[in-house]
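*Asks:* Quick one, what's the 3D model for this:
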Amino acid sequence: MAKLSKKRKAAEALVDRNEFYSLGDAMAKVKEANVTKFDASVDIHIRMGIDPRKADQALRGTVSLPHGTGKTKRVLVLCSADKEEEAREAGADYVGLDDMVAKIQDGWTDFDVVVATPNVMAAVGKIGRILGPRGLMPNPKTGTVTPNVGAAVSDVKGGKISFRVDKFGIVHSSVGRVSFSAEKLAENAKELIDTLVRMKPSTAKGTYMKTITVASTMSPGVKVNPKFN
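*Replies:* Numbering: from 1, shown residues only. You can find the predicted model right below:
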């Protein structure tokens, strides 16, 4: 096992691993225990009491974080020519179809979100094997397959993120950067948690949210009381 650096040991000492913090206090601890010199991402990890193998419990959706993520996302819009101007005016970084599909087939993936219109999904399907494993495949459930490309691009640029439960029943998501105030980080996290609460499947049994942990890229994990609200 690798030895912890002095800074990391000091950070670990700031967090009581046996204590469950309020959301606001947890975010303050994350900021206090951050040891990076860069503006690290702050992430939340929520272990859900669901079975993601069941179709009605495979949670997936979007949420608009009130304070954004602190990262400007590069948006690619795949659409027919009549929608290109709308996409560009909304702030899309890359717009096109055949030329973009060809670039992606050649290995280009320098973008964070892909938005596509329904009428071009056959062409998008050609690059599904590339986009899918990277979590970039457009999907109607996340609002990234839509004829309203302008609104979709504006949402992404304004802080709308997508999330999904993994095969272990955990939802992972960024909720901001360490430069954010603890209050803003807590408000972003609460927005995601509230969205998950509203999405609770009727077939889910037992404790719905088992554990909540927050951490920055290099900080120790801080436990949040799942019943904080």
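
*Asks:* So Gly68 versus Gly176, what's the distance?
*Replies:* 8 Å (C-beta to C-beta, to the nearest Å). (C-beta placed from N, C-alpha, C; glycine too.)

*Asks:* And these two? Which one has more around it.
*Replies:* Between Gly68 and Gly176, Gly176 has the larger neighbour count (other C-beta atoms under 10 Å), namely 28 against 20.

*Asks:* What is the least confident helix or strand in this structure?
*Replies:* Taking mean pLDDT, DSSP states H and E as the measure, helix 6-14 is the helix or strand of the chain with the lowest mean score, a mean of 69.

*Asks:* Please compute how far stretch 205-212 lies from its chain's middle.
*Replies:* Here stretch 205-212 is found 20 Å from its chain centre; the criterion is C-alpha atoms, centre = their mean, to the nearest Å.

*Asks:* Identify each buried residue in that stretch, please.
*Replies:* Residues of stretch 205-212 classed as buried by neighbour count (16 or more other C-beta atoms under 10 Å): 209, 211-212.

*Asks:* which of the residues you listed lies closest to Asp25?
*Replies:* Among these, Ile212 lies closest to Asp25 (C-beta to C-beta), at 12.7 Å.

*Asks:* hang on, that closest one in a strand?
*Replies:* Yes - counting by DSSP: H, G, I helix; E, B strand; the rest coil, Ile212 is part of a strand.

*Asks:* Am I right that it is in contact with Met27?
*Replies:* No - if you go by C-beta atoms under 8 Å, Ile212 and Met27 don't touch, sitting 11.7 Å apart.

*Asks:* in the longest helix seen in the chain, what counts as buried?
*Replies:* Counting residues, the longest helix found in the chain (DSSP state H) is helix 182-198. Neighbour counts using 16+ other C-beta under 10 Å place 182, 184-193, 195-196 of helix 182-198 among the buried residues.

*Asks:* Could you do stretch 97-107 as well?
*Replies:* 97, 100-101, 103-104.

*Asks:* Kindly reformat those residues as JSON lines containing pLDDT, distance to Gly158 and secondary structure.
*Replies:* Formatted as JSON lines, the buried residues of stretch 97-107 follow (pLDDT from 0 to 100; distance: C-beta to C-beta, whole Å; DSSP: H, G, I helix; E, B strand; the rest coil):
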{"residue": "Leu97", "pLDDT": "96", "distance to Gly158": "25", "secondary structure": "coil"}
{"residue": "Met100", "pLDDT": "97", "distance to Gly158": "23", "secondary structure": "helix"}
{"residue": "Val101", "pLDDT": "96", "distance to Gly158": "27", "secondary structure": "helix"}
{"residue": "Lys103", "pLDDT": "96", "distance to Gly158": "26", "secondary structure": "helix"}
{"residue": "Ile104", "pLDDT": "96", "distance to Gly158": "25", "secondary structure": "helix"}
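
*Asks:* Which of those residues sits closest to Val149?
*Replies:* For the buried residues of stretch 97-107, the nearest to Val149 is Leu97 (12.0 Å; C-beta to C-beta).

*Asks:* do you know how far Asp51 is from Lys29?
*Replies:* From Asp51 across to Lys29, the span is 32 Å (C-beta to C-beta).

*Asks:* Between these two, which has more neighbouring residues?
*Replies:* Using other C-beta under 10 Å as the criterion, Asp51 and Lys29 rank with Lys29 on top: 24 against 15.
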